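*Asks:* Sequence plus the predicted model coming up.
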Amino acid sequence: AAAALQLSEAQDGDGGHTAVLALNLATTRLSAGHGADALAPAQQALTIAQANPDAGVDPLMVQLAVGRAELASGRASGAAHLEAFLNEAKTHGDLSPAVFQASADLGAWDFSHYAYPQAKAAWQIAVDSAGNADEAANLARAAAETGLAAAIVMTNKSGGVDMREVASAQIALTDAFAVYAPYVRSPIPPAGLTVVQRSYSQAYAWSLVLVSQVVSAGRRMPAWPSARAGLTASGDTASASNGQLGCAMRFIAEPRPTYPNHQNNAVRLGGVVVYLETDESGRIVRREVAAAIGADFADAVRAVLPQWRMEKDPSSPANCSMAGPHYRGVIFQFG
């Protein structure tokens, strides 16, 4: 991409396909995680597009690329840049992929800089623009829905629990669970959780913090819109990893973890998801923390996790299998 741009510059200057190739180089570098290196070609494409309406690039798409590259370069101006153009760009259906990437980058930036209401708005744009055309789009939307729910939790933390927002977070997480469900029915690979299994665990952890937040505020948690899309409320799958009907497994989390004395997590309420894998006898053969909101909470769980166990629930169907993966949630809350 860089060589093609250099050749075009040598042959046509700012004419020909130079703007197109500059934008292509910028987006290629952004996709490869080299966002800081994308800023110069993105700005070059913008300069050409502003000077020549027939440069062959959509000015809005170039503005989004510039904003993303600015964020990747650590420039706060990128956030203002994206906010200024996303609302217009999101009305252009042909720009949906670019809008998704830009709004997801903005949502992550705003969240990491504690601008939670702005993060919520950015993640909502990402959710709306992700679509559902294929597996990749569904996974992208699920990640954005988790970001949206997290931003709602953090916005509620500073402004009080808004139950309408709680319902919005539940809807977002329920759809994310629906997307992730097929990927958590199998045991994790020897190398550890896959990206999607970890994403599911992160969504699950935020759902726990949401519950903790509502209950700690003295409110009643509304029923979830669905049974977490094919997963039971406790995280068991409907069938075991060997294809046999799975047993209902009881999670014996004793002794309980201790609430950290010097808990510095900004949420001050926590959610930890543990992964447990059982064999045919119900013995836990693998256990680990899969996701946590609050590092201190994760440490508290790790301290007692080796003592926890699982057992077959008496309500289990006959000839069921106890072997399989299980995700379990641990909530830390006040009161």
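*Replies:* Everything's here; your move. Numbers count the residues shown, from 1 in each chain.
*Asks:* Which residue, other than its chain neighbours, is closest to the most centrally placed residue in the chain?
*Replies:* The residue lying closest to the centre of the chain (Cα atoms, centre = their mean) is residue 143, at 3.3 Å. Closest residue to residue 143 apart from its sequence neighbours, by Cβ to Cβ, 6 or more residues apart in numbering: residue 199 at 6.0 Å. Every residue, glycine included, has its C-beta placed from N, CA and C.
*Asks:* re earlier: and the residue nearest to the centre of the chain, what does it touch?
*Replies:* 104, 176, 199 (Cβ atoms under 8 Å, 6 or more residues apart in numbering).
*Asks:* can I assume the last one is in contact with residue 180?
*Replies:* Translated: residue 199. Yes: in this structure, residue 199 is within contact of residue 180 by Cβ atoms under 8 Å, at 6.5 Å.
*Asks:* shared neighbours of the two, anything?
*Replies:* What both residue 199 and residue 180 touch, as defined by Cβ under 8 Å, 6+ apart, is the set residue 142.
*Asks:* So which of these two has more stuff around it?
*Replies:* Counted by other Cβ atoms under 10 Å, residue 199 and residue 180 do not tie: residue 180 has more neighbours, with 26 against 21.
*Asks:* what residues are up against the more buried one?
*Replies:* Per Cβ under 8 Å, 6+ apart, neighbours of residue 180: 142, 196-197, 199-200, 203, 229.
*Asks:* Can you tell me which of the contacts of residue 143 is closest to residue 22?
*Replies:* Closest approach between the contacts of residue 143 and residue 22, by Cβ to Cβ: residue 104, at 22.8 Å.
*Asks:* Which residue, neighbours along the chain excluded, lies closest to that closest one?
*Replies:* residue 126 (4.6 Å).
*Asks:* thought the one you found was touching residue 100?
*Replies:* Yes: applying Cβ under 8 Å as the test, residue 126 and residue 100 come out as touching, 5.5 Å apart.
*Asks:* re the thing from before, C-terminal to whichever strand or helix holds the residue nearest to residue 104, which secondary structure element comes first?
*Replies:* Under the criterion of DSSP states H and E, residue 126 resides in helix 116-130. As assigned by DSSP H and E, the chain's next helix or strand after helix 116-130 is helix 135-159.
*Asks:* Tell me where the stretch 201-335 of the chain has strands.
*Replies:* Using DSSP state E, counting those that start in this stretch, the strands of the stretch 201-335 of the chain run over 249-252, 270-278, 284-293, 309-312, 324-332.
*Asks:* okay, and the common contacts of residue 126 and residue 100?
*Replies:* In contact with both residue 126 and residue 100: 140, 144, using Cβ under 8 Å, 6+ apart.
*Asks:* for residue 65, what are its contacts?
*Replies:* 23, 26-27, 30, 38, 42, 45, 98, 102.
*Asks:* At which residues are the strands of the stretch 1-150 of the chain located?
*Replies:* Here the stretch 1-150 of the chain has no strands by DSSP E, counting those that start in this stretch.
*Asks:* what about the chain, any weak spots by pLDDT?
*Replies:* The model of the chain has pLDDT under 70 over residues 158-159, 226-243, 262-267, 334-335.
*Asks:* before we move on, back to that, between residue 126 and residue 100, which is the more surrounded one?
*Replies:* Comparing residue 126 with residue 100 by other Cβ under 10 Å, the one with more neighbours is residue 126, at 27 against 22.
*Asks:* Would you mind measuring from that one to residue 16?
*Replies:* Distance from residue 126 to residue 16, counting by Cβ to Cβ, to the nearest Å: 34 Å.
*Asks:* Residue 198 now?
*Replies:* 45 Å.
*Asks:* For residue 279, give me the backbone phi and psi.
*Replies:* Main-chain dihedrals, residue 279, degrees, to the nearest 10: phi -100, psi -170.
*Asks:* was I right about it contacting residue 323?
*Replies:* Yes: in this structure, residue 279 is within contact of residue 323 by Cβ under 8 Å, at 5.3 Å.
*Asks:* wait, residue 162 sits on residue 156?
*Replies:* Yes: if you go by Cβ under 8 Å, residue 162 and residue 156 touch, sitting 6.0 Å apart.
*Asks:* These two: which is more packed in?
*Replies:* Ranked by neighbour count (other Cβ under 10 Å), residue 162 and residue 156 place residue 156 first, with 20 against 13.
*Asks:* I'd like a version of the strands of the stretch 201-335 of the chain in CSV, one that adds mean neighbour count and distance to residue 217 as further columns.
*Replies:* CSV is the format used below for those (neighbours: other Cβ atoms under 10 Å; distance: least, Cβ to Cβ, whole Å):
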stretch, mean neighbour count, distance to residue 217
strand 249-252, 17, 26
strand 270-278, 25, 15
strand 284-293, 19, 17
strand 309-312, 16, 32
strand 324-332, 22, 14
